[in-house]
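[1] Fold the following for me, if possible:
(2 chains)
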There are 2 protein chains.
Amino acid sequence: MQIAIQGEPGSFSHEAALKFFPEATIVPCSYSPEVFRRLVDGDVDAAAIPIENSLAGSVVEHYDLLLTHDVAVERETLLGIHHNLIAVPGAQIERLVRVYSHPIALAQCRRFFAEHPQIEPVPYYDTAGSVKQLMELRDRSCGAIASAQAAAYYGGEVLAPNLEDNAENYTRFFLMRRRNEVAANQQANKVSLAFQVENRPGTLVGALQAFVDQQINLTKIESRPVPGKPWQYIFYTDYQLASPELAEKALQLLDEHCSMVKELGRYSAGQIEG
Amino acid sequence: MQIAIQGEPGSFSHEAALKFFPEATIVPCSYSPEVFRRLVDGDVDAAAIPIENSLAGSVVEHYDLLLTHDVAVERETLLGIHHNLIAVPGAQIERLVRVYSHPIALAQCRRFFAEHPQIEPVPYYDTAGSVKQLMELRDRSCGAIASAQAAAYYGGEVLAPNLEDNAENYTRFFLMRRRNEVAANQQANKVSLAFQVENRPGTLVGALQAFVDQQINLTKIESRPVPGKPWQYIFYTDYQLASPELAEKALQLLDEHCSMVKELGRYSAGQIEG
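    This next block holds a predicted model:
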């Protein structure tokens, strides 16, 4: 079982992939489009991608890529995000002058930087990648912020755990497969959908009417621009699947108001673990 | 008239500010929270901020800041975005090895980089800032991608205009004032609104019902996470203002389903100039 992820081994995506399939072999990719290309091309069996963080919001690039590739969501999982200060073994917090990490991770650890004004936060392309670089350079004046898994993977030492300002920090991950290979899920209770309304007044409200009429519980709605068509949008929505029949009815009603409707997946909602 | 912007002089925000007020004095700020703080504190009279790009989507940080500061939107304008290759006067495209710009600008000029594989795109924090740095270093092997205004401001030479892959590239800017100082606009035909629904099933659809019932033309809906409350969202919506009475009615209906409703502004919709 080969699962593509964006980022380095030891990343949160790596952790999510192993949560989906503990025995999986990870295929790290530098960029998200490469993850989708490899899945579509058959280089890998599946891909694990973050779709939303409970503090930072949606990973909009992944919505764009979900729409334009012939893949579907098979499963969802929620991962608690814990940031750790990691350094070369033997390094001391008091002597650190720079700490590297992904900009979102740095932004989620503001209290740590406020308490350690001598340490400069430095943006890096990837959380796990910042640990990898640190261990290659073996510079004791620098640290990185990443998962405990990244520390273990690269042999770094966790100098301080749980640096995150807000403990309620979760990321939703999707397990994606090629569309024709997704396993049917009889227990599915959640649907992700993309739709585009026609470009005339009232069409968005008309489309939303489909959900209102069927009393379907929308849990999320997100919009992304249509390239080359200013102020037209693709809408991405998640809703609870009361019954497959109701979902089909809503899809039919939606179709009447939309120039495009694409179901991205039916899956079991991920649960926050205690 | 002092207008705060995020970024360096010569940026697209600078251009937007001058479109709002041709005689304005620009107050550049390094970070967006500083722009909002300076406006609230009374250091400046107004602020000009990008809220959405027709290709890249919403500037979500600005939605978050609009919600948490006591400011309101007074005007909207649309700016055509044209990217230019800028270098030290006398430099030649063929000899460039690196070109700096904001990651979004680099991503919007992929064709140029495909046609010039010897040139490496290098991310920089700001478009105009990349020109500023170039002119300080006077390095003829490097270029920057930014507006024609940035070239003029810093004395750079435009080696090639209109590098953007997609000509339909516009950014929406808001002019913001302190909430109690916004001029009433009798010609307003557009409203921006933030709302949060209560955390129980069906509340989002219930809130959207208010718009459906009043046949109000929603032009946009966007969601952002509520910090510390996983999978709860603030919704940001724009709608056409058919009449002030209808808007008040919708607000009342919304209130019944929402734990929070905040009108961000009533203003005249910006027009794309020919």
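[2] wait, doesn't A:Phe174 sit right on A:Glu52?
    No. Checked against C-beta atoms under 8 Å, the pair A:Phe174 and A:Glu52 is beyond contact range at 9.4 Å. In this view, the C-beta of every residue, glycine as well, is placed from N, C-alpha and C.
[3] out of these two, which sits in the busier spot?
    A:Phe174 (28 against 25; other C-beta atoms under 10 Å in any protein chain shown).
[4] Quick check: phi and psi at that one.
    Dihedral angles of A:Phe174 (phi, psi; degrees, to the nearest 10) stand at phi -110, psi 140.
[5] in chain A, which residue is closest to the centre?
    Centroid-nearest residue in chain A: A:Pro50, 1.2 Å away (criterion: C-alpha atoms, centre = their mean).
[6] check which helix or strand covers that residue.
    strand A:46-53 (DSSP states H and E).
[7] can you list the residues that contact that strand?
    For strand A:46-53, contacts defined as C-beta atoms under 8 Å, 6 or more residues apart in numbering or on different chains pick out A:1-6, A:12-13, A:16-17, A:20-21, A:24, A:32, A:35-36, A:38-39, A:58-59, A:62-63, A:71, A:74, A:81, A:104, A:169-177, B:225.
[8] Now the buried members of the residues you listed.
    Buried members of the contacts of strand A:46-53, counted by 16 or more other C-beta atoms under 10 Å in any protein chain shown: A:2-6, A:12-13, A:16-17, A:20-21, A:24, A:32, A:35-36, A:38-39, A:58-59, A:62-63, A:71, A:74, A:81, A:104, A:169-177, B:225.
[9] hang on, the earlier thing: so what strands line up beside the strand holding A:Pro50?
    Under the criterion DSSP bridges, strand A:46-53 sits next to strand A:2-6 (parallel), strand A:57-58 (antiparallel), strand A:170-178 (antiparallel) in its sheet.
[10] any chance of the ones you listed in a markdown table, plus distance to B:Lys262 and mean pLDDT?
    Output for the strands paired with strand A:46-53, formatted as a markdown table (distance: least, C-beta to C-beta, whole Å; pLDDT from 0 to 100):
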| stretch | distance to B:Lys262 | mean pLDDT |
| --- | --- | --- |
| strand A:2-6 | 35 | 97 |
| strand A:57-58 | 18 | 92 |
| strand A:170-178 | 26 | 97 |
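[11] Same list, those, but as a markdown table with distance to B:Pro89 please.
    As requested, the strands paired with strand A:46-53 are exported to a markdown table (distance: least, C-beta to C-beta, whole Å):
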| stretch | distance to B:Pro89 |
| --- | --- |
| strand A:2-6 | 41 |
| strand A:57-58 | 43 |
| strand A:170-178 | 48 |
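[12] Could you say which one of the ones you listed comes nearest to A:Phe211?
    strand A:57-58 (19.2 Å; C-beta to C-beta).
[13] That closest one: what's the following helix or strand?
    Assigned by DSSP H and E, the successor of strand A:57-58 is helix A:60-68.
[14] Please state the offset of the helix or strand following that following helix from the chain centre?
    Once helix A:60-68 ends, the next helix or strand along the chain (criterion: DSSP H and E) is strand A:71-80. Its chain's average C-alpha position is 9 Å from that of strand A:71-80, according to C-alpha atoms, centre = their mean, to the nearest Å.
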